[in-house]
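# Generate a structure from the sequence data that follows.
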Amino acid sequence: MWTYTLPAINVLIMAFSLSLPPSAVAREMYRYVNDKGNVVIDYRIPSEYSNAGYEVLNNDGFVVRVVPPKASAQEVLDQEDRVQFEVDVAAEQERLRRWDESLLLRYSTLEDIEAARDRTLRELRVRVSILESNTRSLINQVEKYQADAADVERSGQAVGSQQLQAMKLLQSQIAATEQSIVDRELEIEEVQANFRKDLDRFTLLLETVELRRNLSTNTKR
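Numbering: from 1, shown residues only. Model prediction:
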């Protein structure tokens, strides 16, 4: 291996190549910078230097290929972050476009959105009322079974297995119905939040349309 400094390198390469046998002249050489900052020309390049980038020379000493430095782990992560950011931005833009398109297809005014909200909430609240009524009915049935079971026990007899199974089934139905009520109440909160977002977004669309109209009018003047 030889170590030289520029600008005499190309001349030395020419002399070096002429002194070699034909089989060696055809081989490519590598030019890189070692850890001491010196330019090195050799037929091989140590792996610890290849990551920093290098040049490939032909037997006339001219550069035929440049290999850039290998990206560091941080640079790779930064590039991945940039790509992911661009993907996220594009996805958000598409989401907003679809949302705007849906709003404009379904509604003409803010009052339309409010009417749809009230109608949806009214239907959900009716379902909650029905579930609450069912719960009260189930509880009344359980209380009746419990009263009957108490009468049986006071008479010195054992409560029948069928009666116990019926109470267990009713209690299971009560738990399921109460969970359904919780689910519907959560749904009501979600619907209210979604309609608030729709109202805010539709208001923004109306303001944008009005702004464009005003700008167009001022331009024509």
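
# show me what contacts the residue positioned nearest the centre of the chain?
Residue closest to the average C-alpha location in the chain (Cα atoms, centre = their mean): D88, at 6.9 Å. Listed by Cβ atoms under 8 Å, 6 or more residues apart in numbering, D88 has no contact partners. Where you see a C-beta, it was placed from the backbone N, CA and C, and this is true even at glycine.

# can you check F195 too?
Contacts of F195 (Cβ under 8 Å, 6+ apart): I113, E114, A116, R117, T120.

# surely the third one meets Y107?
Yes. In this structure, A116 is within contact of Y107 by Cβ atoms under 8 Å, at 7.4 Å.

# higher neighbour count, the two?
Between A116 and Y107, counted using other Cβ atoms under 10 Å, the more crowded position is Y107 (18 against 14).

# pLDDT weak spots in this structure?
Within the chain, the segments meeting pLDDT under 70 span 1-26, 218-221.

# need the helices for it, in chain order.
Counting by DSSP state H, one finds helices in the chain at the ranges 9-18, 22-25, 47-50, 73-106, 110-154, 161-220.

# okay if I get those helices as CSV plus distance to D60?
As requested, the helices of the chain are arranged in CSV below (distance: least, Cβ to Cβ, whole Å):
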stretch, distance to D60
helix 9-18, 7
helix 22-25, 9
helix 47-50, 23
helix 73-106, 34
helix 110-154, 76
helix 161-220, 64
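
# Next one: the residue nearest to R117 when sequence neighbours are not counted relative to R95, how far apart?
Nearest residue to R117, sequence neighbours excluded (Cβ to Cβ, 6 or more residues apart in numbering): F195, at 4.0 Å. Separation of F195 from R95 (Cβ to Cβ, to the nearest Å): 18 Å.

# show me the contacts for T135.
I174, T177, E178, I181.

# tell me the contacts of the first one?
Shown in contact with I174 (Cβ under 8 Å, 6+ apart): T135, L138, I139, V142.

# same thing but 6 Å
Applying Cβ atoms under 6 Å, 6 or more residues apart in numbering, one finds that I174 lies in contact with L138.
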